[in-house]
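Participant: Here is a sequence together with a model predicted from it:
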Amino acid sequence: MMRHQYHPLGFEGSRIAQGFWRANEWQMSSAELLSFVESCVELGVTTMDHADIYGDYQCEALFGQALALKPSLREKVEIVTKCGILLPSSHKPDIKVHRYDYRAEHIIASVDQSLASLKCEYIDTLLMHRPSPLMDADEVAQAFDLLFTLGKVKHFGVSNYSPAQFDLLQSRVEAPLVVNQVELSALELKHFNDGCLDHMQQHAVTPMAWSPLGGGRLFSSNDESSLRVRNVLTELADKYETGIDQLALAWLLRHPAGICPVVGSGNLERLKLAAASLAITLSDDDWFKVWIASQGHSVA
Ligand SMILES: NC(=O)c1ccc[n+]([C@@H]2O[C@H](COP(=O)([O-])OP(=O)(O)OC[C@H]3O[C@@H](n4cnc5c(N)ncnc54)[C@H](OP(=O)(O)O)[C@@H]3O)[C@@H](O)[C@H]2O)c1
């Protein structure tokens, strides 16, 4: 078998990442977006999380236009992007059905499009966005080998994969899968309990947490679980002299799997608070108060 000399050391990124899913809602000019990304870097948030489909296929291009104003910024950030979801869109008239596509041909074309939109030469980490029942792992392996050999992608990973789906793909691809990006927050405990985080710890895979603030539900949702979590975090916010958003991130950071939250606000003040959450260490008593509030009952 051809050897590709994949880097064995895993995910190279910042502990907190900035997500660009909502970037088309931020109403920033390219100069303003550039300034925002520069501020991210100054705060140590150097990992920029994208996907081909974000903002109806427009967010990568917004980022690329900002990057083009200062190309030297490319070496100061790590770009994560994703592929594999087909979304009907006026920008993609050939897509008729919202579905998945992990054929080698599609993965390679998607990366080429992402590179053109992002106006850069390589992607640091490419994630398969969602598991697909029609994914042929051997075909994905062919695409990874080509993209790596051509220098277009440095690392590979997955998103929303179960441990079994992860193992299947890893059994066929030579590249180490370095990330599994899944939904994790004080409002979403599923992957704490289904073996997903345990599997990542076992295999030294980095868990990136999407919607770490529940996509904003932490502040606005009035369902019973959200209200209980918000009440506990509000009590703790007094004790730690901070805000509930910082505590919700500190709660994720406390987990031994080394969770990397991907925050999604384009508000610089909120990003500063997120970056400062790295300095907060929740006590185990307080961590479990949040856990118990979220699940709605005590531990056994
Ligand atoms: N892999 C996947 O399948 C997947 C799925 C979804 C998302 N993602 C990634 O994860 C990233 C983050 O997701 P997300 O945007 O849902 O994350 P999030 O950080 O949990 O939520 C961001 C939302 O919360 C609001 N918010 C933040 N702080 C607030 C505060 N103090 N008070 C009130 N509202 C506040 C933001 O509003 P403002 O913008 O007004 O601040 C924004 O609407 C995305 O950008 C994307 O990169 C990945």
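Facilitator: Structure received. None of the values given here were measured: they were computed from a predicted structure.
Participant: right, and H155 touches T125 too?
Facilitator: Yes. The pair formed by H155 and T125 meets the contact definition of CB atoms under 8 Å, at 4.3 Å. C-betas here are computed from N, CA, C, even on glycine.
Participant: Mind listing the shared neighbours of those two?
Facilitator: 11, 178-179 (CB atoms under 8 Å, 6 or more residues apart in numbering).
Participant: residues from the stretch 201-300 of the chain in reach of the ligand?
Facilitator: Of all the residues in the stretch 201-300 of the chain, those in contact range of the ligand (CB under 6 Å from any ligand atom) are 210-216, 219, 245, 262-267, 270.
Participant: Which of those sits closest to the ligand?
Facilitator: G264 (1.8 Å; CB to the nearest ligand atom).
Participant: Read off the pLDDT value for the closest one.
Facilitator: The predicted local distance difference test score for G264 is 98.
Participant: dump the residue contacts of it.
Facilitator: The contact partners of G264, by CB under 8 Å, 6+ apart, come to 19, 21-22, 211, 213, 215.
Participant: hmm, try it at 6 Å
Facilitator: Listed by CB atoms under 6 Å, 6 or more residues apart in numbering, the contact set of G264 reads 19, 21-22.
Participant: Give me the neighbour count for the nearest residue to it once chain neighbours are set aside.
Facilitator: Taking CB to CB, 6 or more residues apart in numbering as the measure, G264 lies nearest to G19, with 4.3 Å between them; neighbours along the chain are not counted. Applying other CB atoms under 10 Å, we find 25 residues neighbouring G19.
Participant: Could you measure from G19 over to R270?
Facilitator: Between G19 and R270 the distance is 12 Å, computed by CB to CB, to the nearest Å.
Participant: Next: C120.
Facilitator: Relative to R270, C120 is positioned 26 Å away (CB to CB).
Participant: Which one of the two is surrounded by more residues?
Facilitator: Summary of the neighbour comparison: C120 and R270, criterion other CB under 10 Å, with C120 having more neighbours (20 against 16).
Participant: helix, strand or coil for the closest residue to the more buried one other than its chain neighbours?
Facilitator: Spatial nearest neighbour of C120, excluding adjacent residues (CB to CB, 6+ apart): R74 at 5.4 Å. Counting by DSSP: H, G, I helix; E, B strand; the rest coil, the backbone at R74 sits in helix.
Participant: Surely R74 is in contact with E121?
Facilitator: No. Counting by CB atoms under 6 Å, E121 is not a contact partner of R74; they are 8.0 Å apart.
Participant: hang on, the earlier thing: okay, now the residue nearest to C120: neighbour count?
Facilitator: 16.
Participant: same deal with L197?
Facilitator: 23.
Participant: Next: T234.
Facilitator: Residue crowding around T234 was assessed by other CB under 10 Å; the count is 12.
Participant: tell me which element it falls in.
Facilitator: Secondary-structure assignment from DSSP states H and E places T234 in helix 224-240.
Participant: Just the buried residues out of the residues of the stretch 201-300 of the chain next to the ligand, in PyMOL syntax.
Facilitator: Selection of buried members from these for PyMOL, criterion 16 or more other CB atoms under 10 Å:
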select buried, resi 210+211+212+213+214+215+245+262+263+264+265+266+270
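Participant: Go through the residues of the stretch 201-300 of the chain next to the ligand and say which is closest to H106.
Facilitator: Using CB to CB, W210 is the member of these that sits closest to H106, with 22.4 Å.
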